[in-house]
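# give me a 3D structure for the following:
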Amino acid sequence: MWPYVATLLNVVVSLVATGHAVLSKRDTRAAIGWAGVIWLAPILGVLLYVWLGINRIERRARSLRTGHRHPQAFAGPSACPIEALDRALATEGAHLKSLDRLVRQVSRRPLAAGNRVTPLVNGDLAYPAMLEAIDAAARSITLSTYIFAHDGTGERFLDALRRAVARRVEVRVLIDDVGARYSWQPMPRALRRAGITCARFLPTLIPWRFQYSNLRNHRKILVVDGRIGFTGGINIHEQNCLERQPRHPIRDLHFRISGPVVTQFQEAFADDWTFCTGELLEGDSWFSAAEPEGPVLARGIPDGPDDDFETLRLALLGAIASAQSSILVVTPYFLPDASLIAALNVAALRGVQVDIVLPAENDLALVQWASTALLWQVLQRGCRVWLSPRPFDHTKLMLVDNLWTLFGSANWDPRSLRLNFEFNVECYDRQLATSLTDLVQSKIQQSRSLTLADVDGRSLPRRLRDGGARLFSPYL
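Now for the predicted structure:
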């Protein structure tokens, strides 16, 4: 009887696994592929599907967040009047109104008027501005970062935070557990010894400095007195100070923001802090009714594999679809999924000039190989790819039609858009977009154009290596 029992058991579990694939897989080809594996490899196919085919990342993120207390909603910025958006966009930008509507619906956050946004190039400009704000703090400081290195730069931040605590300023520091291990002497221990309240995001037992870990807090947020905010792509690390000539220099871009939108920065931090520690950050010490300080309309966009799943990806698709004249993308890691590739290609075919700026030498070889393997898909439809020279450029920026700006912590890869927690900001302002367009154009002038002939001209061993790496792109 055992052969019949085993056969019946295989049929039952195969039917269950196939039903799960049919109901849960969005991509029809993925569902067909897994169904084939399940039925063509008895028992083994089911085990492979259970191991690799079920998306546990989103499920685990939702289960972790479910049931934890959220800070009581603060009366944050009200939605800007439609007249303010009309003035910011003018006639030539009226087509971007639909983008505002899309992002408002997927992010569930209003577009706030009256903000001032100042770009800060590299740590040489960003760190002094951040330290100055910390030294001027009167009530509270919240700092969230992926990497807080225990080096010269980290020591300067440690000293500034220690001085703030001595002035009786409330300080909270949140560091991702993986990012905290980028130094041999972890900074959380030094912060606690200095009397600074610090927490690690999702402590894990994964190996030291494992760059491909999931469910990490990749956000970079600093809020001072609930009024001044900083965000972008810069971690706290000596490598970002190019003037100090570090061994492995990193170019990057950060932003100083003041105005009502900073409340959305604080809300994102407070939610993460409550999740990690159980402490609710509420009241005037943490949240302030910031007065209008500038002309920029802005909105914070949290993204992660929980309630904000694929928020940023939908915003990117909406921005690409809205573009009429130009799209500029600067990112260190470019592994877009099929829908983003198709959107970029359609934009280029519509006559939109699409420029993608990538580092010529990436700090993650596997990512660079996988990225190179898919670049032909955008090059053959008219998108232009530029390879920026050393030092490694970690900038994360997108500009549309010289009017819309997106910056923050997220890369164009599955890890940022599906697996980790990110925070970005969208802005509607011509002057800001123009200044950043000039910055990107200066990068392009120093870069080398990558052509389809270059990609097709790779040797067979390199193409096999890059193609093999691309198979792992959903996890990079």
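# do I have it right that S435 meets P119?
Yes: S435 is in contact with P119 according to Cβ atoms under 8 Å; the separation is 6.8 Å. Every C-beta, even on glycine, is put in place using the N, C-alpha and C of the backbone.
# now stretch 35-52: buried residues?
By 16 or more other Cβ atoms under 10 Å, the buried positions in stretch 35-52 come out as 35, 37-39, 45-46, 49.
# more neighbours: which of S435 and P119?
A direct count of neighbours by other Cβ atoms under 10 Å for S435 and P119 places P119 higher, at 18 against 14.
# for the record, mean pLDDT for the longest strand seen in the chain?
Counting by DSSP state E, the longest strand found in the chain is strand 112-121. Across strand 112-121, pLDDT averages out at 96.
# please apply the same query to stretch 190-202.
Summarised as a single mean, pLDDT over stretch 190-202 is 93.
# what about D151, distance to S144?
Using Cβ to Cβ, to the nearest Å, D151 is found at 19 Å from S144.
# the more surrounded of these two?
Neighbours per residue (other Cβ under 10 Å) separate D151 from S144, with S144 holding more: 28 against 18.
# which SS class is that one?
strand (DSSP: H, G, I helix; E, B strand; the rest coil).
# how about low-confidence regions in this protein?
26-27, 51-76, 205-214, 475-476 (pLDDT under 70).
# could you chop it up by domain?
2-54, 115-294, 311-475 (automatic domain parsing).
# count of residues packed around the closest residue in space to D135 that isn't next to it in sequence?
Spatially, and ignoring its direct neighbours in sequence, D135 is nearest to A160 (5.8 Å; Cβ to Cβ, 6 or more residues apart in numbering). Using other Cβ under 10 Å, A160 is surrounded by 19 other residues.
# any idea how far P42 is from I32?
With the distance defined as Cβ to Cβ, I32 ends up 18 Å from P42.
# let me see the contact set for S14.
38-39, 42, 45-46 (Cβ atoms under 8 Å, 6 or more residues apart in numbering).
# give the contact list for the nearest residue to W286 once chain neighbours are set aside.
Leaving aside its sequence neighbours, W286 sits nearest to S140 (Cβ to Cβ, 6+ apart; 5.2 Å). By Cβ under 8 Å, 6+ apart, the residues touching S140 are 169-172, 223-226, 285-286.
# which one of the residues you listed sits closest to Q324?
Distance to Q324 across the contacts of S140 (Cβ to Cβ) is lowest for V223, with 35.1 Å.
# check the offset of the strand or helix carrying that closest one from the chain's centre.
Here V223 is covered by strand 221-224, with elements defined by DSSP states H and E. Distance, stretch centre to chain centre, for strand 221-224: 17 Å (Cα atoms, centre = their mean, to the nearest Å).
# so which elements touch that strand?
Judged by 3 or more Cβ pairs under 8 Å, 6 or more residues apart in numbering; DSSP states H and E, the packing partners of strand 221-224 are helix 122-135, strand 140-145, strand 228-232, helix 262-277.
# for R87, which of these is the nearest?
helix 262-277 (21.7 Å).
# how about the closest one: buried residues?
In helix 262-277, counting by 16+ other Cβ under 10 Å, buried: 262-276.
# with stretch 324-336 instead?
324, 326-336.
# between those residues, which is nearest G294?
L328 (22.3 Å).
# do you know how far that closest one is from W273?
Distance of L328 to W273, computed by Cβ to Cβ: 34 Å.
# any idea which residue is closest to the centre of the protein?
For the chain, the residue nearest the mean C-alpha position is A410 (1.6 Å; Cα atoms, centre = their mean).
# can I get the helices and strands packed on strand 221-224 in JSON lines including distance to K396?
Below are those laid out as JSON lines (distance: least, Cβ to Cβ, whole Å):
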{"stretch": "helix 122-135", "distance to K396": "14"}
{"stretch": "strand 140-145", "distance to K396": "15"}
{"stretch": "strand 228-232", "distance to K396": "7"}
{"stretch": "helix 262-277", "distance to K396": "16"}
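# do you know which of these lies nearest E155?
Comparing these by Cβ to Cβ, helix 122-135 comes nearest, at 11.4 Å.
# what's that closest one packed up against?
Counting contacts by 3+ Cβ pairs under 8 Å, 6+ apart, helix 122-135 is packed against strand 112-121, helix 152-166, strand 221-224, strand 228-232, strand 253-258.
# same thing but at 6 Å, please
On a contact count with 3 or more Cβ pairs under 6 Å, 6 or more residues apart in numbering; DSSP states H and E, helix 122-135 meets helix 152-166.
# relative to helix 122-135, how tilted is the helix it packs on?
If you take axes from the mean of the first three to the mean of the last three Cα atoms, to 10 degrees, helix 152-166 sits at 10 degrees to helix 122-135.
# pull helix 152-166 out as CSV, backbone CA atoms only.
Only the C-alpha atoms of helix 152-166 are listed here, as CSV (Å, rounded to 0.1, in the frame of the first residue of the first chain):
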residue,chain,number,x,y,z
GLY,A,152,36.3,60.2,13.0
THR,A,153,32.9,61.3,11.5
GLY,A,154,31.0,59.1,13.9
GLU,A,155,32.9,60.5,16.9
ARG,A,156,31.9,64.0,15.9
PHE,A,157,28.2,63.1,15.8
LEU,A,158,28.7,61.2,19.1
ASP,A,159,30.2,64.3,20.7
ALA,A,160,27.4,66.6,19.4
LEU,A,161,24.7,64.2,20.7
ARG,A,162,26.5,64.0,24.0
ARG,A,163,26.5,67.8,24.3
ALA,A,164,22.8,67.8,23.4
VAL,A,165,22.0,65.4,26.2
ALA,A,166,24.0,67.5,28.6
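# what's around N240, how many residues?
When neighbours are counted by other Cβ under 10 Å, N240 registers 25.
# contact partners for it?
122-123, 234, 250, 252 (Cβ atoms under 6 Å, 6 or more residues apart in numbering).
# any idea how far L191 is from T197?
8 Å.
# neighbour-wise, which of those two wins?
Set T197 next to L191 and count neighbours by other Cβ under 10 Å: L191 wins out with 26 against 16.
# distance of W286 relative to I257?
Plainly put, W286 is 17 Å away from I257 if you go by Cβ to Cβ.
# please apply the same query to V385.
Note on V385: its distance to I257, by Cβ to Cβ, is 30 Å.
# dihedrals phi and psi, D225?
D225 adopts backbone torsions of phi 60, psi 20, taken as degrees, to the nearest 10.
# need the nearest residue in space to it, chain neighbours excluded.
Leaving aside its sequence neighbours, D225 sits nearest to R139 (Cβ to Cβ, 6+ apart; 5.0 Å).
# ramachandran coordinates for the one you found?
Dihedral pair for R139: phi -130, psi -50, per degrees, to the nearest 10.
# can you tell me how far it sits from W2?
Counting by Cβ to Cβ, the gap from R139 to W2 is 72 Å.
# ok, these two, which is more surrounded?
Neighbour totals were compared for R139 and W2, and R139 leads with 17 against 6 (other Cβ under 10 Å).
# what about the longest helix in the chain?
helix 2-24 (DSSP state H).
# buried residues in that one?
Using 16+ other Cβ under 10 Å as the test for burial, helix 2-24 gives 10, 13-14, 17-18, 20-21.
# would you map the strands across the stretch 351-476 of the chain?
Ranges of strands in the stretch 351-476 of the chain, per DSSP state E, counting those that start in this stretch, are 353-359, 384-388, 392-393, 397-400, 404-408, 422-428, 448-450.
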